[in-house]
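> attaching a predicted model along with its sequence, questions to come.
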Amino acid sequence: AFGGFQFLEGNSMHDPCGAFFRHLEITEPSGWHGLLAGLTFGAKDLFDVKGYVTGAGNPDWFRTHGPAADTAPAVQLLIEAGARLVGKTITDELAFSLSGKNIHYGTPLNAAAPERIPGGSSSGSASAVAGGLVDFALGTDTSGSIRIPASLCGVVGLKPTRGRVSLRGVIPLSWNLDHAGPMARCVWDVALLLQVIAGYDPEDPWSEDLPVDDYLARLDDGVIIPGDVEWQVTPERLVTLHVPPTLTGVIEARRNLGQDVRQLAGQAPEVQHPALRQQQLRFRLHHLPWQQGQPPGDAWPILTGQG
(Lines give C-alpha, C1' and ligand atoms only; values in the text may rest on other atoms or scores of the structure.)
Protein backbone atom coordinates (compact mmCIF):
# COMPACT_ATOMS: atom_id res chain seq x y z
CA ALA A 1 0.00 0.00 0.00
CA PHE A 2 2.95 2.34 0.55
CA GLY A 3 5.51 1.40 -2.07
CA GLY A 4 8.96 -0.11 -1.59
CA PHE A 5 11.49 0.57 1.15
CA GLN A 6 15.24 0.32 1.22
CA PHE A 7 17.18 0.37 4.47
CA LEU A 8 20.43 2.26 4.19
CA GLU A 9 23.32 1.86 6.63
CA GLY A 10 25.53 4.57 8.06
CA ASN A 11 25.22 8.24 7.20
CA SER A 12 23.39 7.89 3.89
CA MET A 13 20.68 10.13 5.26
CA HIS A 14 21.31 13.65 6.54
CA ASP A 15 21.13 13.11 10.29
CA PRO A 16 23.13 15.73 12.21
CA CYS A 17 21.21 14.89 15.39
CA GLY A 18 22.07 11.19 15.40
CA ALA A 19 18.36 10.51 15.80
CA PHE A 20 17.96 7.56 13.42
CA PHE A 21 18.92 3.96 14.04
CA ARG A 22 18.47 2.54 10.54
CA HIS A 23 17.49 4.79 7.70
CA LEU A 24 14.49 4.11 5.57
CA GLU A 25 14.23 5.50 2.06
CA ILE A 26 11.08 5.22 0.01
CA THR A 27 11.96 4.04 -3.46
CA GLU A 28 8.43 4.48 -4.77
CA PRO A 29 5.99 7.31 -3.96
CA SER A 30 3.51 6.63 -1.17
CA GLY A 31 0.37 8.70 -0.81
CA TRP A 32 0.17 12.09 -2.48
CA HIS A 33 -3.28 12.85 -1.09
CA GLY A 34 -4.70 13.01 2.39
CA LEU A 35 -4.45 15.01 5.60
CA LEU A 36 -0.69 14.47 5.83
CA ALA A 37 0.32 14.73 2.17
CA GLY A 38 3.86 16.02 1.77
CA LEU A 39 4.86 15.54 5.43
CA THR A 40 7.67 13.31 6.69
CA PHE A 41 7.96 11.30 9.88
CA GLY A 42 10.13 8.92 11.84
CA ALA A 43 8.98 5.94 13.89
CA LYS A 44 10.63 4.74 17.09
CA ASP A 45 12.44 1.48 16.48
CA LEU A 46 9.76 -0.46 18.35
CA PHE A 47 7.24 -0.13 15.50
CA ASP A 48 7.19 -2.86 12.87
CA VAL A 49 7.65 -2.20 9.16
CA LYS A 50 6.78 -5.19 7.00
CA GLY A 51 9.77 -7.10 5.72
CA TYR A 52 12.33 -5.56 8.07
CA VAL A 53 13.66 -6.35 11.53
CA THR A 54 12.56 -4.12 14.40
CA GLY A 55 15.70 -3.53 16.46
CA ALA A 56 14.38 -2.23 19.81
CA GLY A 57 17.63 -0.34 20.35
CA ASN A 58 19.59 -3.51 21.03
CA PRO A 59 21.94 -5.25 18.56
CA ASP A 60 21.34 -8.70 20.07
CA TRP A 61 17.60 -8.25 19.69
CA PHE A 62 18.11 -7.18 16.10
CA ARG A 63 20.39 -10.16 15.43
CA THR A 64 18.04 -12.75 16.95
CA HIS A 65 14.73 -11.64 15.40
CA GLY A 66 13.36 -11.96 11.91
CA PRO A 67 11.65 -9.45 9.65
CA ALA A 68 8.22 -8.16 10.63
CA ALA A 69 5.28 -9.86 8.92
CA ASP A 70 3.19 -6.68 8.87
CA THR A 71 3.49 -2.94 9.35
CA ALA A 72 2.20 -1.60 12.67
CA PRO A 73 -1.24 0.02 12.15
CA ALA A 74 -0.08 3.30 13.71
CA VAL A 75 2.61 3.57 11.03
CA GLN A 76 0.36 2.31 8.23
CA LEU A 77 -2.40 4.84 8.98
CA LEU A 78 0.05 7.72 8.74
CA ILE A 79 1.36 6.47 5.40
CA GLU A 80 -2.16 6.01 4.06
CA ALA A 81 -2.88 9.63 5.06
CA GLY A 82 -0.08 10.74 2.72
CA ALA A 83 2.92 11.03 5.08
CA ARG A 84 6.32 9.62 4.13
CA LEU A 85 8.26 7.44 6.57
CA VAL A 86 11.94 8.38 6.37
CA GLY A 87 13.49 6.33 9.16
CA LYS A 88 13.47 4.39 12.40
CA THR A 89 14.47 6.51 15.39
CA ILE A 90 16.77 5.53 18.23
CA THR A 91 15.30 4.27 21.48
CA ASP A 92 16.82 3.36 24.82
CA GLU A 93 17.49 -0.38 24.87
CA LEU A 94 14.16 -2.23 24.84
CA ALA A 95 12.64 1.13 25.87
CA PHE A 96 13.66 0.56 29.50
CA SER A 97 15.09 3.96 30.45
CA LEU A 98 14.13 7.62 30.54
CA SER A 99 17.53 9.20 29.81
CA GLY A 100 17.60 8.77 26.02
CA LYS A 101 21.08 7.25 26.07
CA ASN A 102 21.93 4.17 24.01
CA ILE A 103 25.41 2.70 24.50
CA HIS A 104 25.24 0.83 21.19
CA TYR A 105 23.95 3.49 18.80
CA GLY A 106 24.69 6.74 20.60
CA THR A 107 22.61 9.42 22.29
CA PRO A 108 20.49 11.61 19.98
CA LEU A 109 21.12 15.33 20.16
CA ASN A 110 18.82 17.53 22.19
CA ALA A 111 18.52 20.34 19.66
CA ALA A 112 16.93 22.64 22.25
CA ALA A 113 19.81 22.16 24.72
CA PRO A 114 22.75 20.40 23.06
CA GLU A 115 24.68 20.04 26.30
CA ARG A 116 21.82 18.11 27.93
CA ILE A 117 20.28 14.66 27.45
CA PRO A 118 17.26 14.34 25.15
CA GLY A 119 15.23 12.18 27.53
CA GLY A 120 13.84 8.79 26.64
CA SER A 121 12.99 6.32 25.77
CA SER A 122 11.60 7.95 22.59
CA SER A 123 14.80 9.97 22.34
CA GLY A 124 15.35 9.71 18.60
CA SER A 125 11.77 10.73 17.82
CA ALA A 126 12.00 13.86 19.97
CA SER A 127 15.44 14.69 18.59
CA ALA A 128 14.37 14.31 14.96
CA VAL A 129 11.35 16.58 15.46
CA ALA A 130 13.23 19.20 17.49
CA GLY A 131 16.08 19.21 14.98
CA GLY A 132 13.75 19.71 12.01
CA LEU A 133 14.70 16.40 10.39
CA VAL A 134 11.04 15.36 10.14
CA ASP A 135 7.67 17.02 10.54
CA PHE A 136 6.56 14.59 13.23
CA ALA A 137 7.37 11.23 14.80
CA LEU A 138 5.87 8.27 16.58
CA GLY A 139 6.91 7.25 20.07
CA THR A 140 5.77 4.98 22.87
CA ASP A 141 5.05 5.87 26.48
CA THR A 142 4.90 3.50 29.45
CA SER A 143 5.96 5.81 32.27
CA GLY A 144 6.92 9.01 30.47
CA SER A 145 8.79 7.91 27.34
CA ILE A 146 6.93 10.32 25.03
CA ARG A 147 6.28 13.13 27.49
CA ILE A 148 9.76 13.36 29.02
CA PRO A 149 11.81 13.63 25.78
CA ALA A 150 9.19 15.96 24.30
CA SER A 151 9.51 18.23 27.33
CA LEU A 152 13.32 18.16 27.38
CA CYS A 153 13.62 18.77 23.63
CA GLY A 154 11.01 21.54 23.51
CA VAL A 155 8.42 19.79 21.35
CA VAL A 156 4.89 18.48 21.96
CA GLY A 157 4.30 14.84 22.82
CA LEU A 158 1.04 13.10 23.65
CA LYS A 159 0.38 9.93 25.61
CA PRO A 160 -3.14 9.09 24.39
CA THR A 161 -5.82 7.44 26.47
CA ARG A 162 -5.22 3.71 26.89
CA GLY A 163 -6.70 1.75 23.98
CA ARG A 164 -7.10 4.81 21.76
CA VAL A 165 -4.14 3.98 19.44
CA SER A 166 -3.36 0.43 18.34
CA LEU A 167 -0.32 -1.25 19.87
CA ARG A 168 -0.31 -4.10 17.38
CA GLY A 169 3.10 -4.43 15.79
CA VAL A 170 4.82 -2.54 18.62
CA ILE A 171 7.43 -4.31 20.79
CA PRO A 172 6.02 -4.18 24.34
CA LEU A 173 7.62 -3.05 27.54
CA SER A 174 4.61 -3.51 29.83
CA TRP A 175 1.38 -4.58 28.11
CA ASN A 176 -0.89 -2.96 30.70
CA LEU A 177 0.93 0.38 30.72
CA ASP A 178 2.18 0.85 27.14
CA HIS A 179 0.82 3.59 24.85
CA ALA A 180 1.69 4.73 21.33
CA GLY A 181 1.45 8.39 20.46
CA PRO A 182 2.60 11.31 18.28
CA MET A 183 5.29 13.96 18.70
CA ALA A 184 5.37 17.23 16.74
CA ARG A 185 6.30 20.88 17.06
CA CYS A 186 2.88 22.26 18.04
CA VAL A 187 -0.34 21.15 19.71
CA TRP A 188 -2.40 21.55 16.52
CA ASP A 189 -0.14 19.09 14.68
CA VAL A 190 -0.39 16.55 17.48
CA ALA A 191 -4.19 16.81 17.46
CA LEU A 192 -4.22 16.22 13.71
CA LEU A 193 -1.93 13.20 14.05
CA LEU A 194 -4.10 11.71 16.79
CA GLN A 195 -7.09 12.17 14.48
CA VAL A 196 -5.31 9.94 11.96
CA ILE A 197 -3.97 7.16 14.21
CA ALA A 198 -6.80 6.87 16.75
CA GLY A 199 -9.43 4.20 16.32
CA TYR A 200 -10.48 0.67 17.12
CA ASP A 201 -8.25 -2.22 16.06
CA PRO A 202 -10.06 -5.56 16.47
CA GLU A 203 -6.72 -7.38 16.31
CA ASP A 204 -5.33 -5.50 19.29
CA PRO A 205 -6.79 -6.95 22.52
CA TRP A 206 -6.24 -3.67 24.36
CA SER A 207 -7.93 -1.46 21.76
CA GLU A 208 -11.18 0.23 22.80
CA ASP A 209 -14.16 0.18 20.41
CA LEU A 210 -15.18 3.80 20.92
CA PRO A 211 -15.93 6.66 18.48
CA VAL A 212 -12.99 8.87 17.52
CA ASP A 213 -13.49 12.42 18.76
CA ASP A 214 -12.85 15.55 16.68
CA TYR A 215 -9.61 16.49 18.38
CA LEU A 216 -8.97 19.63 16.34
CA ALA A 217 -12.38 21.02 17.25
CA ARG A 218 -11.68 20.38 20.93
CA LEU A 219 -8.55 22.54 20.99
CA ASP A 220 -10.63 25.59 21.91
CA ASP A 221 -12.24 23.91 24.92
CA GLY A 222 -9.75 25.46 27.34
CA VAL A 223 -7.41 24.05 29.94
CA ILE A 224 -8.17 22.77 33.43
CA ILE A 225 -5.26 22.90 35.90
CA PRO A 226 -5.63 21.11 39.28
CA GLY A 227 -5.55 23.30 42.33
CA ASP A 228 -2.20 22.03 43.60
CA VAL A 229 0.34 20.52 41.17
CA GLU A 230 3.75 19.59 42.55
CA TRP A 231 5.10 16.08 43.13
CA GLN A 232 6.15 15.14 46.64
CA VAL A 233 7.21 11.58 47.48
CA THR A 234 7.10 10.50 51.12
CA PRO A 235 9.40 7.86 52.68
CA GLU A 236 6.49 5.44 52.34
CA ARG A 237 6.62 5.98 48.53
CA LEU A 238 3.32 7.88 48.56
CA VAL A 239 2.76 10.72 46.09
CA THR A 240 0.96 14.02 46.72
CA LEU A 241 0.49 17.02 44.42
CA HIS A 242 0.84 20.79 45.00
CA VAL A 243 0.91 23.75 42.58
CA PRO A 244 4.26 25.60 42.35
CA PRO A 245 4.09 29.42 42.14
CA THR A 246 5.83 29.26 38.74
CA LEU A 247 2.58 28.01 37.21
CA THR A 248 0.88 31.31 37.98
CA GLY A 249 2.55 33.03 35.03
CA VAL A 250 1.60 30.21 32.68
CA ILE A 251 -2.03 30.36 33.80
CA GLU A 252 -2.20 34.14 33.36
CA ALA A 253 -0.54 33.98 29.94
CA ARG A 254 -3.11 31.47 28.73
CA ARG A 255 -5.94 33.60 30.07
CA ASN A 256 -4.50 36.64 28.28
CA LEU A 257 -4.64 34.62 25.05
CA GLY A 258 -8.35 34.15 25.62
CA GLN A 259 -8.19 30.54 26.81
CA ASP A 260 -10.60 29.29 29.45
CA VAL A 261 -8.32 28.23 32.30
CA ARG A 262 -10.08 27.09 35.43
CA GLN A 263 -8.24 26.22 38.62
CA LEU A 264 -9.82 23.45 40.65
CA ALA A 265 -9.91 23.76 44.41
CA GLY A 266 -8.54 21.15 46.73
CA GLN A 267 -5.53 18.87 46.94
CA ALA A 268 -5.13 15.51 45.27
CA PRO A 269 -5.17 12.64 47.77
CA GLU A 270 -2.01 10.70 48.48
CA VAL A 271 -1.76 7.60 46.31
CA GLN A 272 0.55 4.65 46.12
CA HIS A 273 2.50 4.27 42.90
CA PRO A 274 2.81 0.57 41.98
CA ALA A 275 3.35 1.26 38.27
CA LEU A 276 7.13 0.86 38.40
CA ARG A 277 6.95 -2.60 39.93
CA GLN A 278 4.26 -3.60 37.44
CA GLN A 279 6.44 -2.31 34.63
CA GLN A 280 9.43 -4.34 35.82
CA LEU A 281 7.32 -7.50 36.16
CA ARG A 282 5.76 -7.18 32.70
CA PHE A 283 9.16 -6.40 31.20
CA ARG A 284 10.52 -9.67 32.61
CA LEU A 285 7.51 -11.65 31.41
CA HIS A 286 7.92 -10.28 27.88
CA HIS A 287 11.67 -10.53 27.47
CA LEU A 288 13.11 -13.08 29.94
CA PRO A 289 12.64 -16.04 27.54
CA TRP A 290 14.65 -14.16 24.93
CA GLN A 291 17.31 -13.15 27.44
CA GLN A 292 17.77 -16.75 28.60
CA GLY A 293 18.91 -17.62 25.09
CA GLN A 294 21.68 -15.00 25.11
CA PRO A 295 25.34 -15.70 25.94
CA PRO A 296 26.29 -15.79 29.67
CA GLY A 297 27.35 -12.42 30.94
CA ASP A 298 25.00 -10.50 28.68
CA ALA A 299 22.03 -10.70 31.04
CA TRP A 300 20.25 -7.54 32.09
CA PRO A 301 19.85 -7.30 35.90
CA ILE A 302 16.24 -6.19 35.49
CA LEU A 303 15.46 -9.34 33.49
CA THR A 304 17.11 -11.70 35.97
CA GLY A 305 15.38 -10.15 38.98
CA GLN A 306 18.52 -8.42 40.27
CA GLY A 307 17.44 -4.90 39.27
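Perfect, I can see it now. Every value quoted in this text rests on a predicted model; they were computed, and no experiment measured them. Numbers count the residues shown, from 1 in each chain.
> identify all contacting residues around stretch 186-195.
Stretch 186-195 is contacted by residues 35-36, 78, 135-136, 156-158, 160, 164-165, 181-184, 212, 214-216, 218-219 when judged by Cβ atoms under 8 Å, 6 or more residues apart in numbering. To be clear about C-beta, it is placed using only N, CA and C from the backbone, and glycine gets the same treatment.
> for PyMOL, what selects the buried ones among those?
In PyMOL, a selection of the buried entries from the contacts of stretch 186-195 looks like this (16 or more other Cβ atoms under 10 Å):
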select buried, resi 36+78+135+136+156+157+158+160+164+165+181+182+183+184+215
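> can you give me the strands in this protein?
In the chain, the strands defined using DSSP state E lie at 5-8, 20-26, 40-44, 84-89, 136-141, 156-157, 179-184, 223-225, 231-233, 238-241, 261-263, 271-272.
> how close does Trp206 get to Thr71?
19 Å (Cβ to Cβ, to the nearest Å).
> and if you look at Asp48?
6 Å.
> need the overlap of contacts for these two.
By Cβ under 8 Å, 6+ apart, the residues touching both Asp48 and Thr71 are Gly169.
> from Val134, how far out is Leu167?
22 Å.
> before we move on, the earlier item: more neighbours, Trp206 and Thr71?
Thr71 (23 against 14; other Cβ atoms under 10 Å).
> who's in contact with the more buried one?
2, 48-50, 79, 169 are the contacts of Thr71 under Cβ under 8 Å, 6+ apart.
> specify the beta-bridge partners of Val170.
Phe47 (DSSP bridges).
> is it true that it touches Asp178?
Yes - applying Cβ atoms under 8 Å, one finds Val170 in contact with Asp178, separated by 7.2 Å.
> any common contacting residues for these two?
Thr140.
> look at the two and report which has more neighbours.
Set side by side, Val170 and Asp178 show more neighbours around Val170, with 25 against 22, by other Cβ under 10 Å.
> wait, what's in contact with that one?
46-48, 72, 74, 140, 178, 180.
> okay, now Ala137: neighbour count?
Ala137: 32 neighbours (other Cβ under 10 Å).
> how much space between the residue nearest to the spatial centre of the chain and Asn256?
For the chain, the residue nearest the mean C-alpha position is Gly139 (2.1 Å; Cα atoms, centre = their mean). Going from Gly139 to Asn256 by Cβ to Cβ gives 32 Å.
> show me the contacts for Trp175.
Contact analysis of Trp175 by Cβ under 8 Å, 6+ apart lists 206, 282, 286.
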